[in-house]
Each structure stands twice: as C-alpha cells, then as structure tokens.
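# Let me see the structure of the following:
(one chain, ligands or ions: 1)
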Amino acid sequence: MRTSWADSVANSASEIAVSDNSSVPRPTGSTYVPPHLRNRQASDAPNLPGPATERAAFTGTAGGSLGSRWSSGPPKPEMGRPGPGYGYAGAVAVAGRGGSGGGWNNRSRGWDRREREVNPFDDDVDDKTDDAEQAFSEQENTGINFDAYEDIPVETSGENVPPPVNTFAEIDLGDLLNQNIRRCKYVRPTPIQRHAIPIALAGRDLMACAQTGSGKTAAFCFPIISGIMREQYVQRPRVARTVYPLALILSPTRELSCQIHDEAKKFSYQTGVKVVVAYGGAPINQQLRELERGVDILVATPGRLVDLLERARLSLQMIRYLALDEADRMLDMGFEPQIRKIVEQMDMPNRGVRQTMLFSATFPREIQRLASDFLSNYIFLAVGRVGSSTDLIVQRVEFVHESDKRSHLMDLLHAQRENGAHGKQALTLVFVETKKGADSLEHWLCINGFPATTIHGDRTQQERELALRSFKTGKTPILVATDVAARGLDIPHVAHVINFDLPNDIDDYVHRIGRTGRAGKSGLATAFFNEGNLSLARPLAELMQEASQEVPAWLTRYASRAPYGGSKGRRSGGGRFGGRDFRRESSFGKNLDYYGGGGNSGSGYGVPSSNYGGGYAPGVASAWD
Ligand SMILES: Nc1ncnc2c1ncn2[C@@H]1O[C@H](COP(=O)(O)OP(=O)(O)OP(=O)(O)O)[C@@H](O)[C@H]1O
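Residues are numbered from 1 along each chain as shown. Below is the predicted model:
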C-alpha cells in the first residue's frame, strides 16, 4: 500500500517524538519530513551526513516502479535528474540541515520562512478545512466549468507515458501544496493538469500543448514545487553573492513573469519553497536583494536573466527543472538565440540531467523541431488540437475597411454599454498592431467618453503595471494593447477581445482571443478583417470552423482564393489541422530511438500532413519584451 504524504508526516512527527528521548531527528529511511517540521528540529542535528555525501544517485526510470527514487551512492558532482514522484516510501528522508549548509532550509538560516510570508490568499482556509476537504474528495466544482473540457481529445506520444489522474487526491503532491490548491479553490484538475502532472512527477521531459485558459501554469508549477519540497538534500555551492536556484521558469513578457510568480507564490505558500521573479524594466538592485534572501524557483524574462548571469549574481548550475511557458514564442526567432545561450551556453545541467517542460497553446511544427534540442526522451501531450481555440469563445469576423475601423469600434462599444456589458464585470481588450496606434486609439477613446488605457513596449514598466492594474480593477474598462498582452495574461472579467488590427500569424490570433473565455467561462472575440489581412483568411476560416463558429460566406470566399499563410508551419498546405507531435509527421522521428510512438494516444486526430508548405517565417514582433 502506498504511504500517503499525510501518513509520512504523521509518522515522522511521532518518530521524532520517541527517538532516544531526545529531540534529535534521525534518519528513518522511510519517512518524509516537510520543510516546516525540518526547520524546527534543524539546529539539533549536528552530525547528519552532509548533503553532498548523502546525495543519492537517481536510479528510477520514468514511468517505472513506485518505489524509491533514490538509492545510496557515492557523492556526485551534479545532481541527478528528478525522478518519478509517486510514493516516497523508502526514500531517504531526514529532518535537519547538513553540517555544511545546503538545501533551502539551510539558506533560511534558522528562521522559518512561513513567518515572514505574506498570505497571498484573500481568506484563510484553515478554519474551513473540513468543508474544503469534503469538496476536495467529492470533486465538487467550485468555479470552473469542467464540462466544457470533457470532450476534448487528448493525444500523447513518447515512451511509457504515465497514465492521467482524475483528481488531485490521486497525486501525491504533499499536504502543504494540497492545502494551497484548496485555497485556490481548485477542486478538480483540468485536463492538461490531469495528464501533465503525472508525466512531470515521473521525471519526464514534456512538450505540452493545451488551449488558452486551461490551467497550464499550475500544470508545470505543481510538480516543480512538489519536487523541490521533496529534495531536501540539495547542497548548493557557496559563492559570495551568487545564488543557485533549483528551478527556472522562463516567460516572454514581464507581466506574464509577474503573474506566474504570483501564482507560484500562492501554490508554494508555507511550503518553504521560495519563488523570486526577475524581469527587465524594474530596478535590478531590488531583484538582487530578493535573490540574496534565497531562491528555489526563479521566474524570469530572458533579457534580465542573461544580465544576472553575466553579473555572476546567478548560476544555473543547480537547475533541476526548466519550464518554458509560451514555449513556441520563446523559441521563435525573437528569443531563440537568448534561450539557447541560457540553456546551452551557461552552466545549466544538460538535457537529460535537468527536467525540461515546455508549455503553450500553440506549437508550430518547426518550433517543435527546434524545441526538441532542449528535451530528452520527451513526451508530447496535446489536449485539444495543437493551436486550436476553445469553443468557449464566440468568434466574430467583420469586414471593416481601414478608414471605418474607429467608427465601427465606437458602434460596438456603444452597443455594449447599452447592453450593460461595460465596466468592471465586462472588460474589453483591444489589440492593435503598433505602439503608436495604441496611444492614438487610447486617446481617441478617452475623448469620446470611453475610459481606456494602453500597454505596449514603449511605455515604462511602471506605466505598464499601472495600466494593467487600472484595467483589472475596471477603473479603465478598455485596454488598448499590442501583442505584449497577447499571451498568458489571466485577467478575470475580460468579456470581449477586439482585434482592431488582426495579427499576421494565426497563432497570435489564438493567443489574443484567449484572453477571454478562460477557465471554463465564455467570452466574445471580434475581428476587423479587410484586404490587408488576406493571408490570414484561410487559417482563420479553418480555425473558426474547427471551433464550431459561424464562418461568414465572404471569408470562405477569401479563404478559397487566398494563398496559404498566416501560420508558422502549424497546418498542412492541404486543409484540416495537422498539428500534432512533429516526430509523427516527419521522417525525423522514424530513425530516432527516442520516439516510441503510441503511448496512450487518444482520439481521432487528423491524418498526419505530408505536404507541409506553410513555411516558417517568423517575424520579430516589435511589441514584445
Ligand atoms: N484546477 C483548476 N480549477 C479551477 N481553476 C483553475 C484550475 N487550474 C487553473 N485554474 C484557473 O484557470 C485560469 C487559467 O489558468 P492559466 O492562466 O494557467 O491558463 P493557461 O492555460 O496558462 O492559459 P494561457 O494559454 O492563456 O497562458 C486561472 O485563473 C487559474 O487560476
């Protein structure tokens, strides 16, 4: 029988209490002691072997037995790869610090981080644990429309794919993390979480694709936090003023990094796992001070990260987990050199040693190929078709000449106001192509009685943050944005996304409209289409059709005439979606032993496309960080 996390904690507590009539914790070999308990006893454990000598070799095989991940072994200069996360009976587990310092609880220098932590939750669940517990076990749904996700086809490929779970209770994430999951009111895992978390906990590399707003952030955060909570023996080098995080989460924009940081802090509240964010445009000294206080998980934008590395204030030598959110964006031409530098040319452990997880709602084939350089024996997971939009979003396309766009927008906004769909509870996000265009439209909206603000790359970080806050709170219920706000941002109450200017790439469209219709809620997206957008006609019509949207006859006509474009190799030249694991579609995979194919492949995905002619011609969008 599997020893549950709670049992382990209880066992360890009682063992501590009875051992030798003293408070010195001893290795039990079979119990896990969570960080907060370890700290309480830490100062009394002077003779425990140092972490380096205790560092056990990882012997588990992905998807393998549920037993110990670690077996005693000689000291290793580098850490082993995170292993299967199920069942920790038999894992070495000891309270306290090693003599020479080391793991996160050493860095806390005796103080309990929990005491300093600001509670990131509005209310505390402690008083309501029983109710929450009940809801948890009954898998009640407290806010997300899970039915909306039930029919989504799931595809996995790769060797020995761990099976999905149905509930959080089935996954041994640890009591403290589970409590935070309850505090977040996550009662059931979303489909991407059901599949991705067991894969990640099994220590496998992962390329995961799931629709916007479907809970990808938690899908990579939970296994990382849980893994770090378990890895108490990691000794980090002590080099003056250099910090050694265990996990790195990269994202393309400052605001998204901040959002992931906020989420990760909630998930890791009172676990002892320290999350820090570093991003450009904000004072570096403040971030350095924060890093010096200790960091387990670093969330960062690539530019600021490189800066920290070059100042030698940060080393990636101890990275065990690397997650790229919006991974296709991180690996397209704008970011790829920087990402390669960070991952391949600094001191980060090689693929196969670290665990790498890539997540996005879109994954063009060409980017998948690039991404495979960073992965080892990975599992490809697609929840919903790669690059599809959720049918929770009602999509409308209107033919609007360039010169009529403003008056058309005004009509829409007036109609919204008349319907009461304007204000705090119904925010409107308007995407434009250029920074100048954003400023000018914002000004025009304001003088016409529609309070608006703007976010784009020419604004200072302070202005950007202020704008986002003002939008979120409904003070200015219209936000005019460039693509800098297209990805990842999770803003409640965005009821309407308007593509005043359509993007050139259909994947960008998918991310933009994905700012509404999140977490099971419905949303509306309106696009202004004209002759300037012909290359988008076909992928747009296909996307809408696939999401069961009404495609206007005029768009179908344009689509049938238009050359195929607007996609970075996501779809085949011939029609229906071909987006899936690129290893299945190309000869690339056939000769490589890492591709095992099969897995627990679901559903009727489209036939693999053979005549890929979309071409990958990524433009570097100036609007990005
Ligand atoms: N299991 C869950 N139960 C309830 N709500 C959830 C659950 N998982 C995530 N959420 C909520 O769903 C919303 C969307 O999650 P998230 O931002 O992680 O989506 P995403 O898939 O990363 O989207 P995008 O592709 O736009 O980045 C968030 O508000 C999050 O708190």
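
# Report the separation between Met333 and Ile367.
10 Å (Cβ to Cβ, to the nearest Å). C-beta here means a position set from N, CA and C on the backbone, and glycine is covered the same way.

# what do you get for Phe220?
With Cβ to Cβ as the criterion, Phe220 and Ile367 are 18 Å apart.

# before we move on, what about Ser389?
Where Ile367 is concerned, Ser389 sits at a distance of 18 Å (Cβ to Cβ).

# and the closest residue to Phe335 other than its chain neighbours, how many residues sit next to it?
What sits nearest to Phe335 in space, not counting adjacent residues and going by Cβ to Cβ, 6 or more residues apart in numbering, is Pro302, at 5.9 Å. The tally of other residues near Pro302 (other Cβ atoms under 10 Å) stands at 24.

# same question, Arg406
Neighbours of Arg406 (other Cβ under 10 Å): 16.

# need the residues of the protein near the ligand, please.
When proximity is defined by Cβ under 6 Å from any ligand atom, the chain lies next to the ligand at 143-144, 186, 188-190, 193, 210, 212-218, 361, 488, 490, 514, 518-519.

# Can you flag the buried ones in the residues you listed?
The neighbour-count test (16 or more other Cβ atoms under 10 Å) marks 144, 186, 188-190, 193, 210, 212-218, 361, 488, 490, 514, 518-519 as buried among the residues of the chain next to the ligand.

# Sort out for me which of those are in strands.
Residues of these located in strands (DSSP state E): Ala210.

# Narrow the buried ones among the residues of the chain next to the ligand to those in helices?
Counting by DSSP state H, these place Gln193, Lys216, Thr217, Ala218 in helices.

# okay, Glu133: pLDDT?
For Glu133, the pLDDT comes out at 43.

# could you point out where the stretch 201-350 of the chain is predicted with low confidence?
Along the stretch 201-350 of the chain, the model assigns pLDDT under 70 to residues 232-233.

# Touching stretch 445-458 from outside, list them.
255, 410, 413, 430, 435, 438-439, 441-442, 464, 466-468, 470-471, 475-482, 484-485, 622-625 (Cβ atoms under 8 Å, 6 or more residues apart in numbering).

# in it, what counts as buried?
Per 16+ other Cβ under 10 Å, stretch 445-458 contains these buried residues: Leu445, Phe450, Ala452, Thr453, Thr454, Ile455, His456, Gly457, Asp458.

# Nearest to the ligand: which residue in the stretch 301-450 of the chain?
Ala361 (4.2 Å; Cβ to the nearest ligand atom).

# can you tell me which residues contact the residue nearest to that residue when sequence neighbours are not counted?
Once flanking residues are discounted, Ala361 sits nearest to Thr212: 4.7 Å by Cβ to Cβ, 6+ apart. Applying Cβ under 8 Å, 6+ apart to Thr212 gives the contacts Ala361, Ser389, Thr390, Val510, His511, Ile513, Gly514, Arg515, Gly517, Arg518.

# surely the last one meets Lys216?
No. Contact status for Arg518 versus Lys216: not in contact, 11.2 Å apart, counting by Cβ atoms under 8 Å.

# Mind listing the shared neighbours of the two?
Between them, Arg518 and Lys216 share no contacting residue, judged by Cβ under 8 Å, 6+ apart.

# before we move on, back to that, and the two most separated of the contacts of Thr212?
Val510 and Arg518 (13.1 Å; Cβ to Cβ).

# ok, back up a step: quick one: mark the members of the buried residues of stretch 445-458 that sit in strands.
Reading strands off those with DSSP E, I get Ala452, Thr453, Thr454, Ile455.
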